[in-house]
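[1] Generate coordinates for the sequence data below:
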Amino acid sequence: MMPVMPDTHSSQNSSSLQELSPSQELSPPQEPSPPLERLPLEELYPSCFDWSKPKPLKIGIHNDIIADGHDRARVRRALGAYCDRLNYHRAMKVGAIRIDLNGQPAGAVTEQDVKLARMSLQKHSKSASAAMPPSDTPIPRENLVPGRLEVSVKFSELPETQPIPNGMKIGIPTQDAVVWADLNSASWHQLEQAINTWPRWLAIISGS
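    Numbering: from 1, shown residues only. Predicted coordinates for the structure are as follows:
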């Protein structure tokens, strides 16, 4: 049957679980080391750190944060995440004022600073690109799963028809191709009813 309806969608997912046998002995798993929690710089120093509108930071600002009692590794990781962003590098312009933890002026960006920032951004971008496989990398056959190709075409205007035995043939142009479909008498009657019942309607033809 060809559904003709107001545009609504529903989906249902199912899953299955397999329990281990009670008699199977398992050694207790070793708990991995917890990852370092990100240091909330924007909460600790709101006058200095703004993720949406960052300003160049004072040179050596990591020492000031460590002096406040924060772990060195967490400080370096948090500052790396904050500074290795396009937003931050856009703020690195010659003459821009650097700020300290209190948001007060602490020097200015030099031409050499801008060059180093650009080199750092380029290096970071290249490293990220190198870590990703090329788009034409073949997928091993054992990673494939069986599937079925189906086509669904939606339309909300009555197309021109051509009578055929026990039904009608219609053509629906899409952005890629023209889809031809043979509708049996019952489906065609359902479409006619929808046109007379609803001022706005949507028909969906599915097939494989």
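[2] What is the helix or strand where Glu192 lies packed up against?
    Taking DSSP states H and E as the criterion, Glu192 maps to helix 185-197. Contacting helix 185-197 under the criterion 3 or more Cβ pairs under 8 Å, 6 or more residues apart in numbering; DSSP states H and E are the following elements: strand 4-5, strand 167-173. Heads up, the C-betas are built off the backbone N, CA and C, glycines and all.
[3] can you give me the strands for the protein?
    Defined through DSSP state E, the strands belonging to the chain, from first to last, are 4-5, 97-99, 105-108, 151-155, 161-164, 167-173, 178-184, 202-207.
[4] Make a markdown table out of these and add mean neighbour count and distance to Leu191.
    Formatted as a markdown table, the strands of the chain follow (neighbours: other Cβ atoms under 10 Å; distance: least, Cβ to Cβ, whole Å):
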| stretch | mean neighbour count | distance to Leu191 |
| --- | --- | --- |
| strand 4-5 | 15 | 6 |
| strand 97-99 | 18 | 67 |
| strand 105-108 | 14 | 71 |
| strand 151-155 | 13 | 10 |
| strand 161-164 | 11 | 10 |
| strand 167-173 | 16 | 9 |
| strand 178-184 | 14 | 7 |
| strand 202-207 | 15 | 6 |
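[5] hey, least reliable of the ones you listed by pLDDT?
    Here the strands of the chain differ in mean pLDDT, and the lowest is strand 4-5 at a mean of 56.
[6] re earlier: quick one: the strands of the chain as a markdown table, columns for distance to Glu42 too.
    As requested, the strands of the chain are exported to a markdown table (distance: least, Cβ to Cβ, whole Å):
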| stretch | distance to Glu42 |
| --- | --- |
| strand 4-5 | 48 |
| strand 97-99 | 14 |
| strand 105-108 | 18 |
| strand 151-155 | 45 |
| strand 161-164 | 63 |
| strand 167-173 | 52 |
| strand 178-184 | 52 |
| strand 202-207 | 46 |
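[7] Let me have the helices and strands packed on helix 185-197 in JSON lines, adding distance to His62 as columns.
    As requested, the helices and strands packed on helix 185-197 are exported to JSON lines (distance: least, Cβ to Cβ, whole Å):
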{"stretch": "strand 4-5", "distance to His62": "61"}
{"stretch": "strand 167-173", "distance to His62": "61"}
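[8] nearest to Ala186, of those strands?
    When the helices and strands packed on helix 185-197 are ranked by distance to Ala186, counting by Cβ to Cβ, first place goes to strand 167-173 at 8.5 Å.
[9] Report all helices and strands that the closest one contacts.
    Helices and strands in packing contact with strand 167-173 are listed as strand 161-164, strand 178-184, helix 185-197; criterion 3+ Cβ pairs under 8 Å, 6+ apart.
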